[in-house]
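S.K.: Could you work out the structure for the sequence below:
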Amino acid sequence: MDLDYLKRIEDAFKKRGHGLQWHMMSGYIIVQNLGLDWYQKNCALGGQRVAPFDQNLEEDVLALDYHINLVRLGHMLFLLRDVPGFEHLLADLARRDFEPVFFELHAAALLVQNGYSIQFVRPTGVKGQDYDLEADIDGHCVAVEVKTRRAGPINNTRALKNALSDAKKQLSRTKPGVICVAVTTEYGSVEGAQHNEKEIERTLYDFLSGTKRVNGIIVFWHRWSGNPPVCMTMVKEYRNYNARNHLGREWLINPASSMFPTGGVQNGFPSFMSGAQQGAPADAAERQR
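M.R.: Next up, the predicted model:
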């Protein structure tokens, strides 16, 4: 990737607004990492557009969702480009659905921007060794498995229970383990398509009470608010106080104020902007306890 050329794109579109500027810079980063054919087929406007880029662009909020996902992919590819195992992850994309990879990158970015060293773990198919990431948290090597449920709002807990059960099997028995769960934008926020948050939380607490292998669960989702809409990443953490291998800190993700600033680059998002490292290091808009 030519960083000087990326800076020229940034300068060329500076007066056109952050939306177009970030979109053009993200497109360049995606092409450099995944190739022009992949970009045109999977996320460009004229392609087939796989999830999470398959929104109906005739609806304003969904069009913004498409835009922010494209920018987020560019942000994550740039931020994580030097993480061990990153090249293997990209090489394996040809045989994997992209949507789970997108949220694996998202979880990795959350951890990196909160100050943790990580590495991607190449799939082995062996239970207990087949998790997605390893993170160094206060000297502990922590296994991290990422699960996503994006095929519509969660209105029952069966899929969530199955995902948590599968994730636990993939975590190590000897290392601390964390499960990251990505849910849809509509989580607890859209009338008529609202998740039952209390039911979900009851499922999470029941799951944690029955295992000592999992130290905690990080749930993250997007929420749109304001006019014009602003996209925020919401994070809620659930800790297992009975975990076999204890971690010293209670919360892994620090709170921050905004994921989609309108007045300037904040909180290191997107990471490819020349001023992105100014301000708070966290990549989480709001943490609820």
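S.K.: where do the helices sit along the stretch 101-250 of the chain?
M.R.: 158-170, 197-209 (DSSP state H, counting those that start in this stretch).
S.K.: Format the ones you listed as TSV; extra columns: distance to L80, mean neighbour count and mean pLDDT.
M.R.: C-beta coordinates here come from the backbone N, C-alpha and C atoms, glycine included. Putting the helices of the stretch 101-250 of the chain into TSV (distance: least, CB to CB, whole Å; neighbours: other CB atoms under 10 Å; pLDDT from 0 to 100) gives the following:
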stretch	distance to L80	mean neighbour count	mean pLDDT
helix 158-170	21	16	87
helix 197-209	27	15	87
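S.K.: any chance of these in a markdown table, plus distance to M24?
M.R.: Shown next, in a markdown table, are the helices of the stretch 101-250 of the chain (distance: least, CB to CB, whole Å):
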| stretch | distance to M24 |
| --- | --- |
| helix 158-170 | 36 |
| helix 197-209 | 37 |
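S.K.: Compare those and report which one is nearest to D60.
M.R.: Closest approach to D60 among these (CB to CB): helix 197-209, 25.5 Å.
S.K.: Can you give the contact residues for the helix ranked longest in the chain?
M.R.: Using DSSP state H, we find that the single longest helix of the chain is helix 60-79. Residues from elsewhere that reach helix 60-79 (CB atoms under 8 Å, 6 or more residues apart in numbering): 1, 19, 22-23, 25-30, 33-34, 43, 52-53, 55-57, 102, 105-106, 108-109, 112-113, 185, 222, 224, 229, 231, 260, 268-272.
S.K.: how far does the helix or strand that comes right after it sit from the chain's center?
M.R.: Downstream of helix 60-79, the next assigned helix or strand under DSSP states H and E is helix 86-91. Helix 86-91 sits 17 Å away from the centroid of its parent chain (CA atoms, centre = their mean, to the nearest Å).
S.K.: May I see the buried residues of helix 86-91?
M.R.: For helix 86-91, a neighbour-count test (16 or more other CB atoms under 10 Å) marks 86, 89-90 as buried.
S.K.: Go through the residues you listed and name the one nearest K198.
M.R.: Distances from K198 to the buried residues of helix 86-91, taken by CB to CB, are shortest for L89, at 35.6 Å.
S.K.: wait, isn't the closest one in contact with V101?
M.R.: Yes. Using CB atoms under 8 Å, L89 is in contact with V101, at 7.0 Å.
S.K.: chain center to the longest helix of the chain, what's the gap?
M.R.: The answer for helix 60-79 is 11 Å, by CA atoms, centre = their mean.
S.K.: what does stretch 25-35 give?
M.R.: The answer for stretch 25-35 is 18 Å, by CA atoms, centre = their mean.
S.K.: Using PDB, list the CA coordinates for that stretch.
M.R.: In PDB, the C-alpha atoms belonging to stretch 25-35 read as follows (Å, rounded to 0.1, in the frame of the first residue of the first chain):
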ATOM      1  CA  MET A  25      -9.800   6.300   0.800                       C
ATOM      2  CA  SER A  26     -11.500   3.100   2.000                       C
ATOM      3  CA  GLY A  27     -11.900   1.900  -1.600                       C
ATOM      4  CA  TYR A  28      -8.200   2.300  -2.300                       C
ATOM      5  CA  ILE A  29      -7.300   0.400   0.900                       C
ATOM      6  CA  ILE A  30      -9.700  -2.400   0.100                       C
ATOM      7  CA  VAL A  31      -8.400  -2.800  -3.400                       C
ATOM      8  CA  GLN A  32      -4.800  -2.800  -2.200                       C
ATOM      9  CA  ASN A  33      -5.500  -5.500   0.400                       C
ATOM     10  CA  LEU A  34      -8.200  -7.700  -1.300                       C
ATOM     11  CA  GLY A  35      -7.800  -6.900  -5.000                       C
END
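S.K.: that older thread, list the buried ones in the longest helix of the chain?
M.R.: So, applying 16+ other CB under 10 Å, buried residues of helix 60-79: 64-79.
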